[in-house]
Each structure stands twice: as structure tokens, then as C-alpha cells.
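# any chance you can model this:
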Amino acid sequence: MSMKRTNVYADSDDLAIIKEAAVRRGISEAEIIRQGIHLAAMANRVWDEPLFSRTFAGPGRTATKAEVRDAVADAVLSESAPGAIA
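Predicted coordinates:
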């Protein structure tokens with residue numbers, strides 16, 4: 001990976017936390033900052049395609065907690081049934 005040098009201003013409290021984390025994890029402070037920059041870049045990226053390109057048939061409303069629990073339980077039971085294909 002090709003890297004470019006840049007300068008940023010950071011809060012001294014944040015830098016102290018980064019310094020402690022670098023010592024604890026055994027990596028450089030720069031590596032932690034690079035990881036943070038990558039996370040920020042990915043969080044703000046505009047993707048060419050939507051995350052979910054498929055649509056699913058449903059009631060047109062958000063499922064309730066009980067409906068989700070029941071659907072998961074049904075799936076687990078059907079996978080653990082004798083003769084089920086995993």
C-alpha cells in the first residue's frame with residue numbers, strides 16, 4: 001500500500017489515549033491513527049451500488065421483536081431436525 005504523509009491537528013486527550021493503546025497493543029501510534037483514518041474514509045465513502053440490492057416480500061412494515069425471534073427459532077429448529085441438510 002502506498003502511503004502519503006499528512007499533518008493533522010488532534011486533541012491532546014485523544015493523543016494520550018492513542019499513546020496508551022499503542023503501548024498496550026504493541027503497535028505504533030501511527031498504525032492506530034491509520035486505522036482510524038481508514039474507518040473514517042470507509043464510513044464516508046459513497047458506494048456505486050446500494051448495500052442491499054435485493055428486495056424481499058413482506059408485510060411492508062418492520063417486523064416486531066417477537067416475529068424476528070420466532071423466525072430465528074423456526075430456522076434453528078428446521079436446521080437441527082433429523083435429516084436436515086446443513
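# give me the helices and strands touching the least confident helix or strand in the chain by mean pLDDT, please.
None of the helices or strands of the chain scores lower by mean pLDDT, DSSP states H and E than helix 65-80, at a mean of 88. Of the remaining helices and strands, none touches helix 65-80 by 3 or more Cβ pairs under 8 Å, 6 or more residues apart in numbering; DSSP states H and E. Every residue, glycine included, has its C-beta placed from N, CA and C.
# any idea how far it is from the chain center?
24 Å (Cα atoms, centre = their mean, to the nearest Å).
# can you give me the helices for the protein?
Ranges of helices in the chain, per DSSP state H, are 12-25, 29-43, 65-80.
# show me where pLDDT drops low in the chain?
52-56, 81-86 (pLDDT under 70).
# circling back: with mean neighbour count added, can I get the helices of the chain in TSV?
Listed next are the helices of the chain as TSV, based on neighbours: other Cβ atoms under 10 Å:
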stretch	mean neighbour count
helix 12-25	11
helix 29-43	12
helix 65-80	10
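# okay, those helices in JSON lines with distance to Ser2 next?
Below are these laid out as JSON lines (distance: least, Cβ to Cβ, whole Å):
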{"stretch": "helix 12-25", "distance to Ser2": "23"}
{"stretch": "helix 29-43", "distance to Ser2": "13"}
{"stretch": "helix 65-80", "distance to Ser2": "44"}
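# which one of those lies closest to Met3?
helix 29-43 (7.9 Å; Cβ to Cβ).
# what is that closest one packed up against?
helix 12-25.
# contact partners of the helix it packs on?
The set of residues external to helix 12-25 that reach it, using Cβ atoms under 8 Å, 6 or more residues apart in numbering, is 28-29, 31-33.
# nearest to Ala57, out of the residues you listed: which one, please.
Ile32 (45.0 Å).
# wait, what's in contact with the closest one?
Neighbour list for Ile32: 18, 21-22, 25 [criterion: Cβ under 8 Å, 6+ apart].
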